[in-house]
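Visitor: Build me a model:
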Amino acid sequence: MTELSRKAQCALLAATDLAAHYRPGALVSLGEMARRTGVSRKYLGQVLLLLKRRMLVHSFRGSKGGYRLMRRPALISAAEVIAAASPGRRAARAAALQQPYAGALDWLAQKMADAGRAVLTDITLADLADRVGWQP
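Guide: Numbers count the residues shown, from 1 in each chain. Reported below is the predicted structural model:
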């Protein structure tokens, strides 16, 4: 699998932060999340919008607004978060198809991506949150 894009990394940071602070009904503010993850509020807002479009997070407006996961952390895989933040990544490989041996390399890249997806499907946000070590 290729290296994660910056957007995918930020999406995983945001989702992991929401998982680490998950309590049913509780909201996490954008400011809190930005402070803990080190990602700017503006960029984090853009990434969270992608997660919202894929129905992974809810957002609530207002002074007491914030974000929360739509499902328990143990029910959301890292692969889902990465897919939400990385729509259309295959387009970049299309240019390589015009070179000799490109078919073999494309096949290898696909096998690597498939293996990576299999691993990421087994890893949940709860697993990542456990690695953070945050305790409520």
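
Visitor: where exactly do the helices run in the protein?
Guide: Along the chain, the segments classed as helices by DSSP state H run 6-20, 30-37, 41-53, 78-85, 102-122, 125-132.

Visitor: which other helices and strands contact the longest one?
Guide: To tie it back to what came earlier, the one meant is helix 102-122. Here helix 102-122 touches helix 78-85, going by 3 or more CB pairs under 8 Å, 6 or more residues apart in numbering; DSSP states H and E. (Each C-beta comes from the backbone N, C-alpha and C, glycine too.)

Visitor: now for the helices of the chain, which one comes closest to Ser63?
Guide: helix 30-37 (11.8 Å; CB to CB).

Visitor: From the chain's centroid, how far away is that closest one?
Guide: Mean-position distance between helix 30-37 and its chain equals 16 Å (CA atoms, centre = their mean, to the nearest Å).

Visitor: quick one: average confidence on it?
Guide: Taken as a whole, helix 30-37 has a mean pLDDT of 93.

Visitor: rewinding a little: if you average pLDDT over each of the helices of the chain, which comes out lowest?
Guide: helix 102-122 (a mean of 77).

Visitor: Alpha carbons of that helix, as PDB, please.
Guide: What follows is helix 102-122, C-alpha atoms only, in PDB (Å, rounded to 0.1, in the frame of the first residue of the first chain):
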ATOM      1  CA  ALA A 102       3.400  -0.700 -16.400                       C
ATOM      2  CA  GLY A 103       0.800  -3.400 -16.300                       C
ATOM      3  CA  ALA A 104       3.000  -5.500 -14.000                       C
ATOM      4  CA  LEU A 105       3.700  -2.600 -11.700                       C
ATOM      5  CA  ASP A 106       0.100  -1.600 -11.700                       C
ATOM      6  CA  TRP A 107      -0.800  -5.200 -10.700                       C
ATOM      7  CA  LEU A 108       1.700  -5.100  -7.900                       C
ATOM      8  CA  ALA A 109       0.400  -1.700  -6.700                       C
ATOM      9  CA  GLN A 110      -3.100  -3.100  -6.700                       C
ATOM     10  CA  LYS A 111      -2.000  -6.200  -4.700                       C
ATOM     11  CA  MET A 112      -0.300  -4.000  -2.100                       C
ATOM     12  CA  ALA A 113      -3.400  -1.700  -1.900                       C
ATOM     13  CA  ASP A 114      -5.600  -4.800  -1.400                       C
ATOM     14  CA  ALA A 115      -3.400  -6.200   1.300                       C
ATOM     15  CA  GLY A 116      -3.300  -2.800   3.100                       C
ATOM     16  CA  ARG A 117      -7.100  -2.400   2.900                       C
ATOM     17  CA  ALA A 118      -7.500  -5.900   4.400                       C
ATOM     18  CA  VAL A 119      -5.400  -4.800   7.400                       C
ATOM     19  CA  LEU A 120      -7.100  -1.500   7.700                       C
ATOM     20  CA  THR A 121     -10.500  -3.100   7.600                       C
ATOM     21  CA  ASP A 122      -9.600  -5.100  10.700                       C
END
